[in-house]
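K.L.:
the amino acid sequence is not available; the structure is as follows:
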């Protein structure tokens, strides 16, 4: 019976991590539905980018208020998780504060954890106020209605509760240490929770010990639940921001990929020796689709982008089309891509891992041409994203599908393209008149 | 030819057995748009004055394919690109200058993979280098002390990180350079990019060029400086929409320099 707590703890860990691993596997499978793209080049630049942008939060602080609040939560999350090591050992072996043999260093660690926990609370309260009291525009736009808004607040609440458990646990521990109760020997330093410990004055030590245990269990159960909530929320960025910045497009933002399949065709077209009646080779296979109609036509980096997006909306708030009331919102492009990928994932789950067409596609059913045609390709969204997501690349791939597979460009653009084809300029001017300006007044 | 512009073509130069220092890529806008032609001429005047050996492709030039590519027509883009590359490679072009950031970006970034590898500079960078080499001198003259704000073209600024060359040129005019609240990497598009120049905007509550013109007017400028013929058009329309064309001018950097020098 005395091992009951340890066994329960083990079961909690196994179930928690097991479920998490299952979802990580699914996540990887889903990202792999994308087309291949080579991002294995320039590895030192990539590490540097990750260190600066993800680890160093360099783009977060461009908006200083959100940036600083975010650093509180980010550093708190990373550092306080060191405490998880102790919690796991204590839980499995029935010890109490097993790392306290570190002595002075332990005191420093616990002290830092406490201060960070308090800063995390400051951060998330700040976030909550920005979302729910100040009601910043970007947190309350159309695509945020319903689940996304609830999701964001849920994360804030969970983080607050976790930090409260952590501090209350320490406060109870500190109180019990100070009265010399049971196995609560004097270890650690409690710069924050020592102020909370006054709450327990006059309480039965047994009750305080129960509070300590409840908070300890509450904290670890909360951590396990939160970890497993990630896959269903916008919060995956806490892991995916790292690969996302590593695999970011490092070329100049103005450089759009040249479609290799098109290069092949155009070269053939311009080759005077090409046989116009040649039949395709036997093993040529189905010709590929130009551009993207569905998530499987996007590349895996774009799908990783979709899972990494935290829906902060900096992209949308800087988008010229969105600011002037157009339907386009770069954030919504990412959210729709993920929604579609999740729907595809569910179909695959229900069909032994095989995708079965459901009569829907990313284009039209999730993202409309009206959104796509409103884009200025100005790269403001790409510049803004704190973790290197490119909504623009998805917009461009879908425009390519609209134009090259469906000939569905707006009529004015068809005229423009016809002009380029006929006379080498987007307007109807004769190419032979190109130098007339020289002699005009 | 009242203005005595000297504009040799690559074909003429080749016939004379000469190779120019730089190819001036005029672009469709610079060739055909009445407003942009003035920018082209202003730039040529400066090139003539500084005795820069340059040539244009003239009737052998064709659209870079940029608007087709941004509209999603990769086929048309690559056909244009390969035709232009064949022409330029035949003339053994090494260096290109252009006054259009869209041509600049496309030739600089998207042509190399298709076989067109050149050194490509924007005209503001080229003018800056003429200045640094002592081939061009600028005196403020009529622009001394005037409030000038510079609108960063997306395909020059964010897309290619060219922020300083145009600003340094404005400062050389002894003008008071005033920055908009959104500038450089945070600059707002004029509304023309991504082939929007050639179509009506989608339904919304405002036009992008009006939004951007308001940014510019907030700085209380006498002149809004641009470095792109399309931005120029959009901002000029914006200023007209705001009924401020009497007191605020939209000018290209090349025009500022040419007129400061009374060219």
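P.N.:
Perfect, I can see it now. Because the structure is predicted, anything quoted here is derived from the model rather than measured.
K.L.:
going forward, measure contacts between C-alpha atoms and count neighbours the same way
P.N.:
Noted.
K.L.:
domain ranges for chain A, per the record?
P.N.:
A:4-31+A:63-246, A:260-277+A:286-430 (automatic domain parsing).
K.L.:
so for residue B:131, which of the ones you listed sits nearest?
P.N.:
domain A:260-277+A:286-430 (29.9 Å; CA to CA).
K.L.:
put together CSV for the domains of chain A, with mean neighbour count, distance to residue B:65 and mean pLDDT on each row.
P.N.:
Output for the domains of chain A, formatted as CSV (neighbours: other CA atoms under 10 Å in any protein chain shown; distance: least, CA to CA, whole Å; pLDDT from 0 to 100):
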stretch, mean neighbour count, distance to residue B:65, mean pLDDT
domain A:4-31+A:63-246, 17, 31, 94
domain A:260-277+A:286-430, 20, 8, 96
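K.L.:
out of the ones you listed, which gets nearest to chain B?
P.N.:
domain A:260-277+A:286-430 (4.0 Å; CA to the nearest CA).
K.L.:
now the closest one: how far from the chain's centre is it?
P.N.:
Averaging C-alpha coordinates over domain A:260-277+A:286-430 and over its chain gives two centres that are 20 Å apart (CA atoms, centre = their mean, to the nearest Å).
K.L.:
endpoint to endpoint, that domain covers what distance?
P.N.:
The separation between the terminal residues of domain A:260-277+A:286-430, taken as CA to CA, to the nearest Å, is 31 Å.
K.L.:
likewise stretch A:256-264?
P.N.:
For stretch A:256-264, the first-to-last residue distance is 17 Å (CA to CA).
K.L.:
for chain A, longest helix please?
P.N.:
As far as residue count goes, and with DSSP state H defining each element, the longest helix of chain A is helix A:147-178.
K.L.:
packing partners of whichever helix or strand comes after that one?
P.N.:
Beyond helix A:147-178 on the C-terminal side, the first helix or strand identified by DSSP states H and E is helix A:193-196. With contacts taken as 3 or more CA pairs under 8 Å, 6 or more residues apart in numbering or on different chains; DSSP states H and E, helix A:193-196 sits against helix A:147-178.
K.L.:
elements contacting the longest helix of chain A?
P.N.:
Secondary structure elements in contact with helix A:147-178, counted by 3+ CA pairs under 8 Å, 6+ apart, are helix A:104-132, helix A:193-196, helix A:205-229.
K.L.:
and it, how far from the chain's centre?
P.N.:
A distance of 23 Å separates the centroid of the chain from that of helix A:147-178, by CA atoms, centre = their mean.
K.L.:
got the contact list for the nearest residue to residue A:9 once chain neighbours are set aside?
P.N.:
Across the structure, with CA to CA, 6 or more residues apart in numbering or on different chains as the measure, the residue nearest residue A:9 apart from its sequence neighbours is residue A:91 (6.0 Å). Applying CA atoms under 8 Å, 6 or more residues apart in numbering or on different chains, we find residue A:91 in contact with A:5-6, A:9-10.
K.L.:
which ones among these lie within helices?
P.N.:
Within these, membership in helices is found for A:5-6, A:9-10, as judged by DSSP H.
K.L.:
mind giving me a markdown table with the residues you listed and columns for distance to residue A:424?
P.N.:
Below are these laid out as a markdown table (distance: CA to CA, whole Å):
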| residue | distance to residue A:424 |
| --- | --- |
| A:5 | 78 |
| A:6 | 76 |
| A:9 | 72 |
| A:10 | 71 |
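K.L.:
grab the nearest non-local neighbour of the residue nearest the centre of chain A.
P.N.:
Nearest to the mean C-alpha position of chain A, by CA atoms, centre = their mean, lies residue A:308 at 2.0 Å. Once its chain neighbours are removed from consideration, residue A:308 has its nearest residue in residue A:237; the separation is 4.6 Å (CA to CA, 6+ apart).
K.L.:
helix, strand or coil for the one you found?
P.N.:
Under DSSP: H, G, I helix; E, B strand; the rest coil, residue A:237 falls in the helix class.
K.L.:
now do it against residue A:141, distance only.
P.N.:
Distance from residue A:237 to residue A:141, counting by CA to CA: 21 Å.
K.L.:
also residue A:417?
P.N.:
Residue A:417 sits 35 Å away from residue A:141, taking CA to CA as the criterion.
K.L.:
please apply the same query to residue A:336.
P.N.:
15 Å.
K.L.:
tell me the confidence at the residue sitting nearest the centre point of chain B?
P.N.:
Closest to where the C-alpha atoms of chain B average out (CA atoms, centre = their mean) is residue B:99, at 2.8 Å. Note for residue B:99: predicted pLDDT of 98.
K.L.:
which ones are touching the residue lying closest to it once chain neighbours are set aside?
P.N.:
Nearest-residue entry for residue B:99: residue B:123, 5.0 Å, with adjacent residues in sequence omitted and distances by CA to CA, 6+ apart. Neighbour list for residue B:123: B:43, B:97-99, B:254 [criterion: CA under 8 Å, 6+ apart].
K.L.:
neighbour-wise, which of those residues leads?
P.N.:
Across these, the neighbour count under other CA atoms under 10 Å in any protein chain shown reaches its highest value at residue B:99, namely 29 neighbours.
K.L.:
still on that earlier bit, which ones are touching the residue nearest to the centre of chain A?
P.N.:
The neighbours of residue A:308, taking CA under 8 Å, 6+ apart as the test, are A:234-237, A:240-241, A:244, A:389.
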